[in-house]
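Enquirer: return a 3D structure for these sequence lines:
(one chain, ligands or ions: 1)
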Amino acid sequence: MTTKLNLLDYDRHGLRDLFAELGEKPYRAEQVMKWIYHRHVTEFAQMTDVGKALREKLEAVAEIVPPKILFEKQAADATHKWLLGMDGGNAVETVFIPESNRGTLCVSSQIGCGLNCRFCSTGTQGFNRNLATAEIVGQVFVAARHLGNVPHRQRKLTNVVMMGMGEPLLNFDNVVRAMSVMRDDLGFGLANKRVTLSTAGLVPMIDRLGEVADVSLAVSLHAPNDELRTQLVPLNKKYPIDELIAACQRYAARRPRTSITFEYTMLRGVNDRPEHARQLIKLMRRLPSKVNLIPFNTFAGTVFERSDEATIRAFQKILLDAGVLTTVRRTRGDDIDAACGQLKGQVLDRTRRQAEFRRRLEEGARHVA
Ligand code: SAH
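Expert: As a prediction, this is how the structure comes out:
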């Protein structure tokens, strides 16, 4: 059996090359893209302005297959979550967050995650594999089709954040290609700065990203000093804060008038004291930046707790008083476990992390009993 090419795997450039290989004019590729991304058509037979001969040729070698929806659910606040089947029993979650002036889709880049950040539920699930470009683009396709989104006309999906499961910079090529489809006028037509890649801080890949893609960058900082950050984000051992900030400075230097967002999950008694805010101010003074404080979202078996509202506001005030632009992320969709750090999906773990986590959970339960 020969497997067909999934056209969701290609950006405009790749699709033009593919059509050239098939002996077709490259502009035909652009016609097909419009059918896919503006009209959400997956059957070549329905592409009425594409000649019959080409449709048959495409039929023979290619297909347009978004991931299968295993489950979907809408929260009380209209946040919508999809569980999308990948292969071999794996699944990832994608979340749409509507607001009055924009609609943001939170997209996953890997099945599970290898980084093991201590306060993230995806981290407890271990890692299986990178998602293919078609599986990343497919998440946006499923949401755009559901919303009836049409770029520049029916704009319901205005922003994408690569903040779902996984570390996008460890799936570099597929993520960059997928982001190119998101920003292409013949694709999902999003503005460059409305596509945001969030990373736990892979320094060399931040530099590479700066060379190839013009997107907004968010960095999961979570602690203002190396000692604490290494405990929360083990990757910090390899790329400590100084190097991370330097890479962010280089990224920002390429883009006048844009700033880097630093995400900071507020963990009660861990990273939420005034001295942490003061250390954070010093870091933020080194580059054009803003801070996004994320109230911790709980999950089964975690030892962390959310900082209380007053502590978060006081922390924010210290930063604001020092002139550091600081917002507090509103928790959305937590009644359907769709909030930050709660995305789980189904991960057939290739590491031993799930087993370890279960063991720790049981130990904890015995301890309490
Ligand atoms: N690996 C990338 C992409 C994931 S983004 C990264 O680390 O940036 C997911 C964001 O939610 C990150 O900032 C992450 O640190 C944060 N997060 C993870 N677990 C959380 C939790 N339980 N509560 C609130 N935020 C969490």
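Enquirer: residue numbers of the stretch 151-300 of the chain in contact with the ligand?
Expert: Residues of the stretch 151-300 of the chain lying close to the ligand (CB under 6 Å from any ligand atom) are 163, 167, 198-200, 220, 263, 265, 294, 296-297. For the C-beta atoms, the positions are set from N, CA and C on the backbone; glycine is no exception.
Enquirer: now render those residues as CSV, adding secondary structure, neighbour count and distance to A144.
Expert: Putting these into CSV (DSSP: H, G, I helix; E, B strand; the rest coil; neighbours: other CB atoms under 10 Å; distance: CB to CB, whole Å) gives the following:
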residue, secondary structure, neighbour count, distance to A144
M163, coil, 24, 18
E167, coil, 25, 24
S198, strand, 22, 21
T199, strand, 25, 25
A200, coil, 25, 28
S220, strand, 24, 27
E263, strand, 19, 25
T265, strand, 27, 29
I294, strand, 23, 26
F296, coil, 25, 31
N297, coil, 23, 26
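Enquirer: from those residues, which one has the minimum pLDDT?
Expert: For those, the weakest pLDDT value sits at N297, with 91.
Enquirer: how near is it to E305?
Expert: 11 Å (CB to CB, to the nearest Å).
Enquirer: please apply the same query to H222.
Expert: Taking CB to CB, one finds H222 at 15 Å from E305.
Enquirer: pLDDT weak spots in the stretch 201-350 of the chain?
Expert: Across the stretch 201-350 of the chain, the ranges flagged by pLDDT under 70 are 341-344.
Enquirer: do the same with the stretch 1-150 of the chain
Expert: By pLDDT under 70, the weakly predicted segments of the stretch 1-150 of the chain are 1-2.
Enquirer: where do the helices sit along it?
Expert: Under the criterion DSSP state H, counting those that start in this stretch, the stretch 1-150 of the chain contains helices at 12-21, 26-37, 52-61, 133-147.
Enquirer: tell me which of the ones you listed sits nearest to the ligand.
Expert: The closest of the helices of the stretch 1-150 of the chain to the ligand is helix 133-147. By CB to the nearest ligand atom, the value is 12.9 Å.
Enquirer: give me the contacts around the closest one.
Expert: 6, 8-11, 36-37, 40, 65-67, 69, 80, 82, 84, 86, 92, 94, 96, 103, 105, 107-109, 149, 156-157, 160, 164, 174-175, 177-178, 181-182, 188 (CB atoms under 8 Å, 6 or more residues apart in numbering).
Enquirer: any of those residues buried? List them.
Expert: Among the contacts of helix 133-147, those classed as buried by 16 or more other CB atoms under 10 Å are 6, 8-11, 36-37, 40, 65-67, 80, 82, 84, 86, 92, 94, 96, 103, 105, 107-109, 149, 156-157, 160, 164, 174-175, 177-178, 181-182, 188.
Enquirer: and the strands in the chain?
Expert: 5-6, 62-63, 68-74, 80-85, 91-98, 103-106, 110-112, 127-130, 159-162, 195-199, 216-220, 260-266, 289-295, 326-328 (DSSP state E).
Enquirer: quick check: which of those strands is buried the most?
Expert: strand 110-112 (a mean of 27; mean count of other CB atoms under 10 Å).
Enquirer: one step back: take the helices of the stretch 1-150 of the chain and write them to TSV, including distance to I312.
Expert: Formatted as TSV, the helices of the stretch 1-150 of the chain follow (distance: least, CB to CB, whole Å):
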stretch	distance to I312
helix 12-21	43
helix 26-37	39
helix 52-61	53
helix 133-147	30
